[in-house]
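>>> A structural model of the following input is requested.
(chains A and B)
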There are 2 protein chains.
Amino acid sequence: MAKIIESVPNISEGRNQEIIEACVDQIRTTAGCTLLDYSSDTSHNRTVITYMGSPEACEEASVKLAKKAVELIDLTKHTGEHPRMGCVDVMPFIPIKDANTEDCIELSKKVGKRIAEEADLPVFLYEQSASAPHRENLAAVRKGQFEGMAEKVKDSLWIPDFGGQRIHPTGGVVAVGARPPLIAFNINLSTSDVEIASKIAKIIRRSNGGFDCVKAMGVLLEERNTAQVSINMTDFTKTPLYRVVELTKAEAARYGVHVIGTEIIGLCPMNALFNAAEYYLQIEDFDASVQVIENHLL
Amino acid sequence: MAKIIESVPNISEGRNQEIIEACVDQIRTTAGCTLLDYSSDTSHNRTVITYMGSPEACEEASVKLAKKAVELIDLTKHTGEHPRMGCVDVMPFIPIKDANTEDCIELSKKVGKRIAEEADLPVFLYEQSASAPHRENLAAVRKGQFEGMAEKVKDSLWIPDFGGQRIHPTGGVVAVGARPPLIAFNINLSTSDVEIASKIAKIIRRSNGGFDCVKAMGVLLEERNTAQVSINMTDFTKTPLYRVVELTKAEAARYGVHVIGTEIIGLCPMNALFNAAEYYLQIEDFDASVQVIENHLL
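Model (predicted):
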């Protein structure tokens, strides 16, 4: 029963390959961590790193990454389309195997404390680790971005959890927290009318009365001339993929539109697919933890 | 890249708990093997053992099991509904991880040779290990059963692959071979008319012109008063579960009948469920080996 936790730190550098590699190397060189992916977006000027490991290995890698990022990334010179507030902008921890939310919260607090002490970066705990409800949402924590953060932390509602009421002059502040696995999931429609995708996005997403664990917006895939509902599934254990697909089909039918395909971007946990198979195949009393052979190898 | 192979030996004892446990202990006490399940049927007088391990561990466990079975099980006194020809009746090897059919064929030949030499039991290689096409099908190999086997092996078509042209006086002969993972899959219908289940079984199974990798028959579940199509999926990589479910729905519709549920009995590989999720969710360009997080832990 070895606990495995995934982390998906975002760093505010997506253009300078040398800096990116130096940061990713902090994961590569930490024993007990497996680098799963890293991808940079030059217009966002941001790199998303995905890795997993034991809680101890994740703690080590997180602190090393923060130290390297604050050394190499200067936010006073950073431009990019994506909002950001720190050289390491956000550092989520996700339970993968034999670990639960409590383990990830505990890890986030250890990491937050050490990053403040060892990398001199103040830290906000966010999502499931947040110290107050208004600090759960990352967008709310990050509002004002790097440039507005020195002013923001003077507000008693926005004192960082670690590191004091200040920001690092070039490194800013970091959000660290536990969250469920997030699945980037897109649904492509048999139309180029992005308005239809936007209407469906509003219906399925929480912010307009839809599913609790869905964020969505309509976009046009220009190269395919296809309207797409672009979705973040923030907790598939509460809002499963199949339910979003079925509601999208039902709403699209009103316009004579159907689903032509879907996309899972990047990684997803096996259970997100098992529960779709269970639903559609109508499997009775299935227990994946016992009945799926490979689960006995994990 | 540690190779893992599954084995599902069937022993011809399903009543005497002491003998069953003594046989299962041969798996339990072999380092590198994980016992996944064992279940006995008293009317069949037969026990199905499921375990997995490295090829070396499976080889060791197989030989130990054969020695123990020939010591404790006397087929001259065996009665039961299920056809059988040996104290260990059949010993299939199935690739699970980082192993392929060739690995399982190689293992089956090593095991067959050692069982003949060390447990004094002649061995037929069957399925993907068979030395001739007429010896692939287990039912064909086993035809005549224990009582007819001494006569059968005199036929030049039925000389055992190891151990010579004879049978063990109380232990009979054993079938050893490589095969794809088999999934026991049942589809329950909204009718108690077993004739409808039987008609659908004939449509979906290979022997009447249906899917290549499907064996099926119609049965009545008396306790639920429900007709069921009882299926053996002999290779889900060629004939996937979802295709059998969808054809069953289409054929049942002719009778105004629908699928009320399905059952996966025992174990199944994760890929059998992933391909159902991919089909029904219409996921484009999905690569489970890369995109499913847990695959990086195997």
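>>> all helices for chain A, in order.
Remark: helices assigned in chain A by DSSP state H are A:17-28, A:55-72, A:101-118, A:138-142, A:145-152, A:194-204, A:241-253, A:270-281, A:288-291.
>>> among those, which is nearest B:Thr262?
Of all the helices of chain A, helix A:270-281 sits nearest to B:Thr262, with 5.5 Å by C-beta to C-beta. All C-beta spots, glycine's among them, are computed from the backbone N, C-alpha and C.
>>> what helices or strands is that closest one leaning on?
helix A:241-253, helix A:288-291, helix B:241-253, helix B:270-281 (3 or more C-beta pairs under 8 Å, 6 or more residues apart in numbering or on different chains; DSSP states H and E).
>>> re the thing from before, tell me which of the helices of chain A approaches B:Ser192 most closely.
helix A:270-281 (22.4 Å).
>>> Deepest-packed of the helices and strands packed on helix A:270-281, please.
helix B:270-281 (a mean of 22; mean count of other C-beta atoms under 10 Å in any protein chain shown).
>>> Now do it against helix A:270-281, angle only.
On the basis of axes from the mean of the first three to the mean of the last three C-alpha atoms, to 10 degrees, helix B:270-281 is oriented at 60 degrees to helix A:270-281.
>>> Next, count neighbours for A:Asp212.
By other C-beta atoms under 10 Å in any protein chain shown, 10 other residues sit near A:Asp212.
>>> so how far is B:Gly171 from it?
Distance, A:Asp212 to B:Gly171, using C-beta to C-beta, to the nearest Å: 61 Å.
>>> Ok, A:Leu298 next?
The value you get for A:Leu298 to B:Gly171, if C-beta to C-beta is used, is 38 Å.
>>> Neighbour count for the two, which is higher?
Each of A:Leu298 and B:Gly171 has its neighbours counted (other C-beta under 10 Å); B:Gly171 has more, 27 against 15.
>>> In contact with the more buried one, which residues are there?
Residues near B:Gly171 by C-beta atoms under 8 Å, 6 or more residues apart in numbering or on different chains: B:69-70, B:73, B:75, B:86-87, B:119-121.
>>> what does A:Thr29 give?
Counting by C-beta under 8 Å, 6+ apart, A:Thr29 has contacts A:Lys64.
>>> A:Ala139 now?
Residues in contact with A:Ala139 (C-beta under 8 Å, 6+ apart) are A:Pro83.
>>> Check it and give its pLDDT.
Per-residue confidence (pLDDT) for A:Ala139: 93.
>>> next one: the one 4 residues further on
The predicted local distance difference test score for A:Lys143 is 97.
>>> any idea how far it lies from A:Lys152?
Distance of A:Lys143 to A:Lys152, computed by C-beta to C-beta: 8 Å.
>>> same check, this time on A:Asp41
Distance from A:Asp41 to A:Lys152, by C-beta to C-beta: 25 Å.
>>> now do A:Asp74
Taken as C-beta to C-beta, the span from A:Asp74 to A:Lys152 is 20 Å.
>>> which of the two has more neighbours?
A:Lys152 (19 against 14).
>>> so the more buried one sits right up against A:Gly144, yeah?
Yes. Assessed by C-beta atoms under 8 Å, A:Lys152 is found in contact with A:Gly144 at 4.7 Å.
>>> what does the stretch 51-200 of chain A have sitting close to chain B?
Taking C-beta under 8 Å from any C-beta of the partner chain as the contact definition, the stretch 51-200 of chain A meets chain B at A:52, A:96-97, A:181, A:188.
>>> Which two among these are spaced furthest apart?
The farthest-apart pair in those, when distances are taken by C-beta to C-beta, is A:Lys97 and A:Asn188, at 31.9 Å.
>>> which of these two has more neighbours?
Shown here are A:Lys97 and A:Asn188; by other C-beta under 10 Å, A:Asn188 has more neighbours (20 against 17).
>>> Can you give me the neighbour number for the closest residue to A:Leu65 other than its chain neighbours?
Nearest residue to A:Leu65 in three dimensions, chain neighbours excluded: A:Gln26, at 4.4 Å (C-beta to C-beta, 6 or more residues apart in numbering or on different chains). Using other C-beta under 10 Å, A:Gln26 has 22 other residues around it.
>>> Tell me who's in contact with A:Gln26.
A:Gln26 sits next to A:61, A:64-65, A:67-68 when contact means C-beta under 8 Å, 6+ apart.
>>> Next: A:Ile187.
Counted by C-beta under 8 Å, 6+ apart, A:Ile187 has contacts A:200, A:228-229, A:231, A:244-245, A:248, A:259, A:262.
>>> Could you dump those into JSON lines with pLDDT added?
Formatted as JSON lines, these follow (pLDDT from 0 to 100):
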{"residue": "A:Ile200", "pLDDT": "98"}
{"residue": "A:Gln228", "pLDDT": "96"}
{"residue": "A:Val229", "pLDDT": "97"}
{"residue": "A:Ile231", "pLDDT": "97"}
{"residue": "A:Val244", "pLDDT": "98"}
{"residue": "A:Val245", "pLDDT": "98"}
{"residue": "A:Thr248", "pLDDT": "98"}
{"residue": "A:Val259", "pLDDT": "98"}
{"residue": "A:Thr262", "pLDDT": "97"}
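>>> so can I have TSV of the residues you listed showing distance to B:Glu278?
Output for the contacts of A:Ile187, formatted as TSV (distance: C-beta to C-beta, whole Å):
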residue	distance to B:Glu278
A:Ile200	22
A:Gln228	18
A:Val229	19
A:Ile231	17
A:Val244	16
A:Val245	12
A:Thr248	17
A:Val259	14
A:Thr262	9
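>>> quick check, nearest of those to A:Val8?
A:Ile231 (17.2 Å).
>>> Pairing-wise in the sheet, spell out the partners of that closest one.
Residues in a beta bridge with A:Ile231, per DSSP bridges, are A:Phe185, A:Ala216.
>>> Then A:Asn10?
Beta-bridge partners recorded for A:Asn10 (DSSP bridges): A:Val48, A:Val90.
>>> you'd agree it is up against A:Cys87?
No. Using C-beta under 8 Å, A:Asn10 is not in contact with A:Cys87; the gap is 10.4 Å.
>>> And those two? Which one has more around it.
Using other C-beta under 10 Å as the criterion, A:Asn10 and A:Cys87 rank with A:Cys87 on top: 30 against 21.
>>> Cheers, nothing more for now.
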